[in-house]
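Novice: give me the fold of what follows.
(one chain, ligands or ions: 1)
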Amino acid sequence: MSDRNDDLFSAARAVIPGGVNSPVRAYGSVGGTPRFLASAQGATVTDAAGATYIDLVASWGPALLGHAHPEVVQAVQEAATRGLSFGAPTEGEVELAALIADRVRFGEIRPIERVRLVSTGTEATMTAIRLARGATGRDLLVKFAGHYHGHSDGLLAAAGSGVATLALPGSAGVPAPIAAQTLVIDYNDPEALAAVFAEHGPRIAAVIVEASAANMGVVAPLPGFNRLIADTAHTHGALMILDEVLTGFRVHPAGFWGLQAAEGEDYLPDIVTFGKVVGGGMPLAALGGRADVMDLLAPLGPVYQAGTLSGNPLSVAAGLATLRLATPEVYATIDAAADRLSRALDAALTDAGVEHAVAKAGNLFNASFRPSAPRDYAEAQAQETFRYAPFFHSLREQGIALPPSVFEAWFLTAAHGDEELLRIEAALPLAAAAAAS
Ligand code: PLP
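Specialist: Predicted structure coming up:
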């Protein structure tokens, strides 16, 4: 029987390519009709047919505090009454940039000296790469297979997220000379890193890396790997761009980098990109880093970047409210929920006899259908992906909304309390049984 979601999907496909404005939303790899969401509150989302689900997508990360946190909504409403967009500097931008710089601190060291606000994670990484090229006078970029940094031309080679979900090698429409500027190597592979620098070192502007990979499933860096990237890049006069769009302010007040620093791993990226949580659910992202690099951006320097909506006052209000509410207790709550749920997921799949591995990085986790947690993209792809669709749909029928792809992390929020966790735990055995068949 068709419901409002089916009707909307038909209508959407008539006017929007594939019926969606971002590919993974189309449910291509799990099948069925995407839920058209009408509202979201705390730990739940409600679809156009009126069904409510406990949400484990969290808008793909931003909803750290839970959906529509009243203080964040109020901050946005108040900002809206003062004007939607000015195209001029505002006081809020100064506060948000200072707050970001202040949050990323290790003891007395505050490595983010300057912050530029943009509107999307794609813009943040695109600008970071241009900046690295401008700073070094070099062209080549090293990226890791399975890492996703947004959809700018040079970054779609062997990318994770939707590119992985749709099993695409890259994207049509990227000119070969641009694709050739990106050297793709295997993640967590020190020899590949050494080899690419041995061959191309003097031409490499930067290495870009997800602080902890989470767009091919959760694949944490091996101990010391991020540090090795920093050391290798710096030895060869290249920069390290640490992409914290997904992990920044989500796994730790200072991002995955902060988590590693707290565990004693020290390294210094040159440019760090943020997104998702930093905009509190509104379109906002940022790049930050050392003053001598960041000040190469226009209007001070020769590297151009601009945006009509950059530093939009509503987005800034949401970001400020979110970061101010993101106390250590928020992270402790989410960490504890992630520990509990990842254990329940592991147990349910084990009890159902499904070969799997649960991978975790801070409070990010997911399961892959293979004997051991993947260490790189080839291993992430070598799994029984067909098991995810029945698992996903069983949970959906039981009122739990998972990301519609096996290659995505599960996102918890501070609004996921005991009641929600109990309901998910109760639903997991049936879903695991569906995955087993
Ligand atoms: N970098 C990482 C690590 C991401 O996970 C994403 C999006 O998922 C991006 C960059 C791109 O951000 P946006 O979707 O805001 O353009």
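Novice: whatever residue of the stretch 251-400 of the chain ends up closest to the ligand and Met282, how far apart?
Specialist: Here the stretch 251-400 of the chain gets closest to the ligand at one residue, Gly275, 4.7 Å apart by C-beta to the nearest ligand atom. For glycine as for every other residue, the C-beta is placed from the backbone atoms N, C-alpha and C. With the distance defined as C-beta to C-beta, to the nearest Å, Gly275 ends up 11 Å from Met282.
Novice: next SSE downstream of the least confident helix or strand in the chain by mean pLDDT?
Specialist: Each helix and strand of the chain was given a mean pLDDT (mean pLDDT, DSSP states H and E); the minimum falls on helix 162-165 at a mean of 68. In the C-terminal direction, the helix or strand that comes right after helix 162-165 (DSSP states H and E) is helix 176-179.
Novice: who does the helix or strand following that following helix pair up with?
Specialist: On the C-terminal side of helix 176-179, the nearest following helix or strand under DSSP H and E is strand 182-185. Under the criterion DSSP bridges, strand 182-185 sits next to strand 140-144 (parallel) in its sheet.
Novice: which SS class is Ala367?
Specialist: The local conformation at Ala367, judged by DSSP: H, G, I helix; E, B strand; the rest coil, is strand.
Novice: show me the contacts for it.
Specialist: With contacts defined as C-beta atoms under 8 Å, 6 or more residues apart in numbering, the neighbours of Ala367 are Leu345, Asp346, Leu349, His356, Ala357, Val358, Ala359.
Novice: how many residues are close by the closest residue to the ligand within the chain?
Specialist: Scanning the chain for the residue nearest the ligand gives Gly121, at 2.2 Å (criterion: C-beta to the nearest ligand atom). Residue crowding around Gly121 was assessed by other C-beta atoms under 10 Å; the count is 29.
Novice: check Ala332 too.
Specialist: Residues lying near Ala332 (other C-beta under 10 Å) number 12.
Novice: what's the burial count for the closest residue to Gly417 other than its chain neighbours?
Specialist: Using C-beta to C-beta, 6 or more residues apart in numbering and skipping the chain neighbours, the partner closest in space to Gly417 is Ala43 (7.3 Å). The local packing count at Ala43 equals 25, with neighbours defined by other C-beta under 10 Å.
Novice: cool, and Ala176?
Specialist: Summarising burial for Ala176: neighbours were counted as other C-beta under 10 Å, giving 6.
Novice: can you pull the contacts of it?
Specialist: By C-beta under 8 Å, 6+ apart, Ala176 lies in contact with nothing.
Novice: start at 47, not 1
Specialist: OK, 47 is where the count begins now, so the last one is Ala222.
Novice: about what we covered before: hmm, Gly325 and the residue of the chain closest to the ligand touching each other?
Specialist: No - applying C-beta atoms under 8 Å as the test, Gly167 and Gly325 come out as separate, 9.5 Å apart.
Novice: can you pull out the strands in the stretch 297-446 of the chain?
Specialist: Ranges of strands in the stretch 297-446 of the chain, per DSSP state E, counting those that start in this stretch, are 317-320, 331-335, 403-407, 410-414, 446-447.
Novice: one more: the stretch 47-196 of the chain?
Specialist: With DSSP E, counting those that start in this stretch as the definition, the stretch 47-196 of the chain shows strands at residue ranges 83-87, 90-93, 98-101, 160-164, 186-190.
Novice: now those strands in TSV, with mean neighbour count, distance to the ligand and mean pLDDT?
Specialist: Formatted as TSV, the entries for these read as follows, by neighbours: other C-beta atoms under 10 Å; distance: least, C-beta to the nearest ligand atom, whole Å; pLDDT from 0 to 100:
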stretch	mean neighbour count	distance to the ligand	mean pLDDT
strand 83-87	16	17	98
strand 90-93	20	18	98
strand 98-101	21	17	98
strand 160-164	23	9	98
strand 186-190	25	11	96
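Novice: quick one, which of the ones you listed gets closest to Thr136.
Specialist: Checking the strands of the stretch 47-196 of the chain against Thr136 by C-beta to C-beta gives strand 160-164 as the closest, at 10.2 Å.
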